[in-house]
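Asker: Generate coordinates for the sequence data below:
(2 chains)
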Number of protein chains: 2
Amino acid sequence: MRGVVLHAAGDVRVEERDDPRIELPTDAIIWVAAACVCGSDLWPYRGINEVTDPTPMGHEYVGVVEEVGADVRTVAPGDFVVGSFMASDGTCEICQAGYQSRCAHVEPVGRSGTQAEHARIPWADGTLVVTPGMPDADLIPSLLAASDVLGTGWFAAVAAQAGPGKTVAVVGDGAVGLLGILAARELGAERIIAMSRHEPRQALAREFGATDVVVERGDEGVERIKELTGGYGAHGVIEAVGTQEAMQQAIRSTRPGGHVGFVGVSHDVSLTGQELFYATVSLLGGPAPVRHYLPDLIDRIWSRKINPGKVFDLTLPLSDAAEGYAAMDERRAIKTLLTV
Amino acid sequence: MRGVVLHAAGDVRVEERDDPRIELPTDAIIWVAAACVCGSDLWPYRGINEVTDPTPMGHEYVGVVEEVGADVRTVAPGDFVVGSFMASDGTCEICQAGYQSRCAHVEPVGRSGTQAEHARIPWADGTLVVTPGMPDADLIPSLLAASDVLGTGWFAAVAAQAGPGKTVAVVGDGAVGLLGILAARELGAERIIAMSRHEPRQALAREFGATDVVVERGDEGVERIKELTGGYGAHGVIEAVGTQEAMQQAIRSTRPGGHVGFVGVSHDVSLTGQELFYATVSLLGGPAPVRHYLPDLIDRIWSRKINPGKVFDLTLPLSDAAEGYAAMDERRAIKTLLTV
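Answerer: Okay, here's the model as predicted:
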């Protein structure tokens, strides 16, 4: 089969790879209907995470089940499925508590790379959710978004305790930040402040539910959030970047007793205990338990209540994956969808 | 009046100071029935926090109101009161949300020093709670504990989401950690693991509700907590020390999706974003909003349901304050009560 392999920073190739096969009785093999490029894929692409060996890429996916292992009960060949980027057994105490991304037997789906024609999904029963039927083509991008960026933005909005009467600020205007806005709106937040200086993204932020846009960053951004919130800071802040500046901006924009949901994969972030102590905010983040939210997210997408697929502003065939990476790296595209 | 003044590391003196007086119409002046030495007082006593000028000490207190400012409505001369170590207006959005320790107009009561015969309490209406009557003498230590260490342990237990069916571990066997155990029991935790290697403190921990004791620290302590919790880690962990080792021990002992309540005043603690991200735990700490819990705590003390005053294992007259500090510094005493 064909699949994307990163050979070195900036060196994305689509090449022949072995077809995946059932390795454990809990596995499923899917035909990948659509995959995409994640902001986190840009870390190795940019050489910030070292690339030592040719690496199969991709961890987001929707598709059709082709084959299942002997122990798989809840999905069958022919089912259209959406799954999380973290495979989870669904049965351990951590999964049962709704933190499937940190399952006691978690396996990153990305290890085998879903930017490919086929993919092996470990723990199929605990990881995959079957859609109500074959989706119309226009639903594919939104279902694909659910497999990571929507689910991640949703987790961040839940962690930031977005809800009625609340003001939520969002640091980061990538796909996750934008879908954090959508999630905050769906969860009933009264006021949603997008922090973005990029006009097309500001427009999508407003379409997804942002009521205000702040272009300032760092300390100035914090001051602006305070001005907009009676001097107190936001009740909740979503951090969707993963840098020191973004994390501090998020913590400092949150009022005491408020909540920070951070989902940007941390790079070189370091926080002093004193800053955390005197902030007196709740901090929750990490790899999002997307699987926990998937049934609800699929419902909202299937009924066309939400359209998170709008974050894909570039669609390319798998063979043009290299251009998909370049466009995101240069911020010409928010997010690239790859058709297989 | 007489009051404790710290002149330099290790140099505690009881000397004549000016009587406090009403400075603002929201102030009250109280006669201090009892005060005490806090673990946080040991930081400057040990020279870890620099002492540049002679510093009045103490921020915990119970006593009788002597005089109130013209705007004070809810307390009157003759009332017996318990108050938080942070004075709060009680009316701002932060106070209304239950985070009075971070009130928009917060004033640390310790600035004027409550290890003294009298003390000025700012924001009397928002800070002081009147007891149901004059307390019996045996209730004084418990009411005094409520003004900081009990309220702080309680906040930590709430932040760690202690409750029915939950396993809570407690890092730190000082007064706050011990009262965090009591709080976790009162909140209904099923299993409470005290981390302590000090026998008399282990005994008090068990009396307050600890079901298990772990003597190991650091990585070994973390392993022991995991062994006791099916490999998952505790649902909630209370951190009541404030050091790097204690904070990491707390975070690493918590299962994914669990909660860390940290109330040890942070010293030289630094956490990487990666550690926080991959821990996937909720982190909440800071100066405890004791005022929020005081009415409930006073009820439990008044009805003799709880006896947090047991943390005071040394009672001295104010004039012997220096020995009270030394005993705590050398861990001969858990906590020193000073009678005025």
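Asker: Could you look up the SS state of residue A:134?
Answerer: coil (DSSP: H, G, I helix; E, B strand; the rest coil).
Asker: show me what contacts it?
Answerer: residue A:80 (Cβ atoms under 8 Å, 6 or more residues apart in numbering or on different chains). For glycine as for every other residue, the C-beta is placed from the backbone atoms N, C-alpha and C.
Asker: got it, and residue A:83?
Answerer: Going by Cβ under 8 Å, 6+ apart, residue A:83 touches A:61, A:109, A:121, A:127-129, A:147, A:291, A:294.
Asker: In ChimeraX, how would I select just the buried ones from the residues you listed?
Answerer: Of the contacts of residue A:83, the buried ones go into a single ChimeraX selection, burial set by 16 or more other Cβ atoms under 10 Å in any protein chain shown:
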select /A:61,109,121,127,128,129,147,291,294
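Asker: Closest one to residue B:170 out of the contacts of residue A:83, please.
Answerer: residue A:291 (32.0 Å; Cβ to Cβ).
Asker: Now name the helix or strand holding the closest one.
Answerer: helix A:290-302 (DSSP states H and E).
Asker: In its sheet, which strands sit next to the helix or strand following that helix, and in what direction?
Answerer: As assigned by DSSP H and E, the chain's next helix or strand after helix A:290-302 is strand A:314-317. Strand pairing for strand A:314-317, using DSSP bridges, gives strand A:336-339 (parallel).
Asker: Just the residues contacting the strand it pairs with, thanks.
Answerer: So strand A:336-339 is contacted by A:4, A:34-37, A:58, A:115, A:141, A:144, A:312, A:314-318, A:321, A:324-325, A:327-328 (Cβ under 8 Å, 6+ apart).
Asker: Out of those residues, which end up buried?
Answerer: Buried by 16+ other Cβ under 10 Å: A:4, A:34-37, A:58, A:115, A:141, A:144, A:312, A:314-316, A:318, A:321, A:324-325, A:327-328, out of the contacts of strand A:336-339.
Asker: among those residues, which are in helices?
Answerer: Counted as lying in helices by DSSP state H, out of these, are A:141, A:144, A:321, A:324-325, A:327-328.
Asker: now residue A:109: how far from chain B?
Answerer: Distance of residue A:109 to chain B, given as Cβ to the nearest Cβ, to the nearest Å: 17 Å.
Asker: same deal with residue A:164?
Answerer: From residue A:164 to chain B the distance is 15 Å (Cβ to the nearest Cβ).
Asker: so who does that residue touch?
Answerer: Residues in contact with residue A:164, defined by Cβ under 8 Å, 6+ apart, are A:188-190.
Asker: cutoff 6 Å now
Answerer: residue A:188 (Cβ atoms under 6 Å, 6 or more residues apart in numbering or on different chains).
Asker: which SS state does it fall under?
Answerer: When classified by three-state DSSP, residue A:164 comes out as coil.
Asker: what's the closest of the ones in helices among the buried ones among the contacts of strand A:336-339 to chain B?
Answerer: Compare each of these with chain B using Cβ to the nearest Cβ and the shortest gap goes to residue A:328, at 21.5 Å.
Asker: related to what we said a few turns ago, mind saving the C-alpha coords of the helix holding residue A:291 as CSV?
Answerer: Only the C-alpha atoms of helix A:290-302 are listed here, as CSV (Å, rounded to 0.1, in the frame of the first residue of the first chain):
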residue,chain,number,x,y,z
VAL,A,290,-11.2,11.7,22.5
ARG,A,291,-12.9,8.3,22.7
HIS,A,292,-14.9,9.5,25.7
TYR,A,293,-16.5,12.3,23.6
LEU,A,294,-16.8,10.5,20.3
PRO,A,295,-20.4,9.1,20.5
ASP,A,296,-21.7,12.6,21.4
LEU,A,297,-19.5,14.3,18.8
ILE,A,298,-20.7,11.9,16.1
ASP,A,299,-24.3,12.6,17.0
ARG,A,300,-23.8,16.3,16.7
ILE,A,301,-22.0,15.9,13.3
TRP,A,302,-24.5,13.4,12.0
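Asker: Appreciated, that's everything.
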